[in-house]
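*Asks:* The amino acid sequence is not available; the structure is as follows:
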């Protein structure tokens, strides 16, 4: 299996912390030297390991923001 190359170009914030000390974070991440995208996933404290997550373009993030703004939380 090919190695996945990633670079967190901007850390935007942590959403939560697990009991194991991992953080669910929103970051701007460049995957395999591509244009950075918005990314929500679990990361180990030093960002050497990651869990499954979701990657969003700027347009997708805008649509998510609209949906969240319309929710009654």
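*Replies:* Done, it's in. What you see is a predicted model, and the numbers here were worked out from it, not measured in a lab.
*Asks:* Can you report how many residues neighbour residue 43?
*Replies:* 20 (other CB atoms under 10 Å). From N, CA and C alone the C-beta is placed, and that goes for glycine too.
*Asks:* do the same with residue 23
*Replies:* 17.
*Asks:* got a list of what it touches?
*Replies:* 14, 15, 16, 17, 42, 43, 45 (CB atoms under 8 Å, 6 or more residues apart in numbering).
*Asks:* Now with 10 Å, please.
*Replies:* Residues near residue 23 by CB atoms under 10 Å, 6 or more residues apart in numbering: 11, 13, 14, 15, 16, 17, 41, 42, 43, 44, 45, 47.
*Asks:* Pull the contacting residues for the nearest residue to it once chain neighbours are set aside.
*Replies:* Excluding its sequence neighbours, the residue lying closest to residue 23 (CB to CB, 6 or more residues apart in numbering) is residue 14, at 4.5 Å. By CB under 10 Å, 6+ apart, residue 14 lies in contact with 23, 24, 25, 26, 27, 43.
*Asks:* So what's the predicted local confidence for residue 1?
*Replies:* We have a pLDDT of 72 for residue 1.
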